Each structure stands twice: as C-alpha cells, then as structure tokens.
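[1] I'll drop the sequence and a predicted model, then ask my questions.
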Amino acid sequence: MENKLEPERKILLAKDLGLQPRQVAIWFQNRRARWKNKQLEKDYEVLQANYNSLKSDCESLAEENDKLKAEVLVLSGKLLHKEKKSETSNSLIPTKCLKSRRRIQQPIRSQSVKYRKSQLWPLSRKILVQARVIYLIQIAHITLMGFILQYWSLVILHMFLNPTSPTFPKMKKIT
C-alpha cells in the first residue's frame with residue numbers, strides 16, 4: 001500500500017476521475033486511516049490471544065502453587081511426625097542402656113555437639129523445602145506480573161494511538 005500520494009499523481013487521478021485534487025487526497029487519507037484501523041484491530045486480536053494465554057498460564061501457576069503449598073504441608077506434617085517418633089523412641093530406651101552409652105562416649109563436649117546437629121538436621125531440611133517453594137512461588141508471581149504489565153501497556157498504547165477504535169468505548173477528552 002502506498003503511504004503518500006505525490007502531487008503530480010494526485011492531479012492526474014483527479015483529471016481522470018473528474019474530481020477535485022482535494023477529494024482525491026481525502027480519499028487516500030481515508031484509505032490510510034482504514035488500513036491503520038484494520039492493523040490496530042489485528043494487533044488487538046493478537047494481544048487478546050496473548051492475554052488469554054497468559055490468563056490460562058496464570059491459572060495453571062496458581063494451581064501448581066496450591067499443589068506445592070499442599071505438598072509443603074504434607075511434608076511438614078511428616079517431618080513433625082518423624083521428629084515426634086524419634087523423641088519418643090529416645091525416651092523408650094531403658095535408663096540402664098543410657099548409662100552404658102555414656103560410659104562408651106567419654107567426651108561430653110562431642111556428645112552435646114552431635115546431639116545439637118541431630119536436632120537441627122530435620123529442622124534445616126524443612127526450612128530448605130519451604131524456602132524452595134517460596135522461591136518458586138515468587139518467580140511465578142514475578143513472571144506473571146511482567147506479562148500482565150506488558151499486556152496492559154500494549155492495550156493502553158493501542159487506545160492512545162487510536163482513540164476512535166470500534167473495539168474500545170469512546171473516550172472523553174480531558175480539558
């Protein structure tokens with residue numbers, strides 16, 4: 001499609017059609033405006049398709065987020081159950097066995113360090129799992145917000161480029 005009409009061509013067309021040169025210029029101007037509107041409508045359809053795709057991605061991410069939260073709860077419950085089991089199994093050892101164990105493990109300092117490490121390991125594992133889930137959730141939210149921001153900026157750009165588009169309600173001019 002030709003964007004501009006040269007003056008010589010405009011005069012020739014006007015003579016051939018029996019019109020004023022200004023009428024020919026207006027016809028070309030209207031044709032460019034119609035082409036621009038059609039192009040904007042096509043762009044809007046592409047944006048709408050992208051939005052629908054992003055919306056479905058968002059919904060699937062939300063479902064995955066819920067599944068991960070449920071998995072964290074299940075794993076946390078299992079971890080607490082294991083911790084309680086280990087605490088109860090330690091309390092079920094007869095005191096006679098505990099006394100003999102103390103005789104074998106002579107350095108008191110190393111015994112207390114081992115005890116602290118064994119108590120911290122399940123807790124640190126739980127924290128690592130929760131941190132990974134939180135990290136994945138944050139990445140999903142950041143990605144989604146980027147897509148939404150990009151979509152709406154394109155929609156706003158479309159509205160400002162073509163305020164009379166039939167796809168949007170008429171905007172009032174602010175004075």
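    The structure has been received and is ready for your questions.
[2] ok, which stretches of the chain are helices?
    Under the criterion DSSP state H, the chain contains helices at 7-17, 21-91, 95-104, 108-161.
[3] let's have these in a markdown table, adding mean neighbour count.
    For the C-beta atoms, the positions are set from N, CA and C on the backbone; glycine is no exception. Supplementary listing: those in a markdown table, determined by neighbours: other Cβ atoms under 10 Å:
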| stretch | mean neighbour count |
| --- | --- |
| helix 7-17 | 13 |
| helix 21-91 | 13 |
| helix 95-104 | 9 |
| helix 108-161 | 12 |
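[4] these: lowest mean pLDDT?
    When the helices of the chain are compared on mean pLDDT, helix 95-104 scores lowest, with a mean of 49.
[5] M145 versus the residue nearest to K36 when sequence neighbours are not counted, what's the distance?
    Leaving out its chain neighbours, the residue that sits closest to K36 by Cβ to Cβ, 6 or more residues apart in numbering is N162, at 7.1 Å. Distance, N162 to M145, using Cβ to Cβ, to the nearest Å: 27 Å.
[6] ditto for K67
    From K67 over to M145 (counting by Cβ to Cβ), the distance is 21 Å.
[7] what does V72 give?
    For V72 relative to M145 (Cβ to Cβ), the value is 23 Å.
[8] same thing with D66?
    18 Å.
[9] what of S76?
    To M145, S76 is 28 Å away according to Cβ to Cβ.
[10] K36 now?
    31 Å.
[11] P21 too?
    Relative to M145, and taking Cβ to Cβ, P21 is found at 53 Å.
[12] before we move on, what about S56?
    16 Å.
[13] can you check A62 too?
    13 Å.
[14] and I127, by the same measure?
    From I127 to M145 the distance is 26 Å (Cβ to Cβ).
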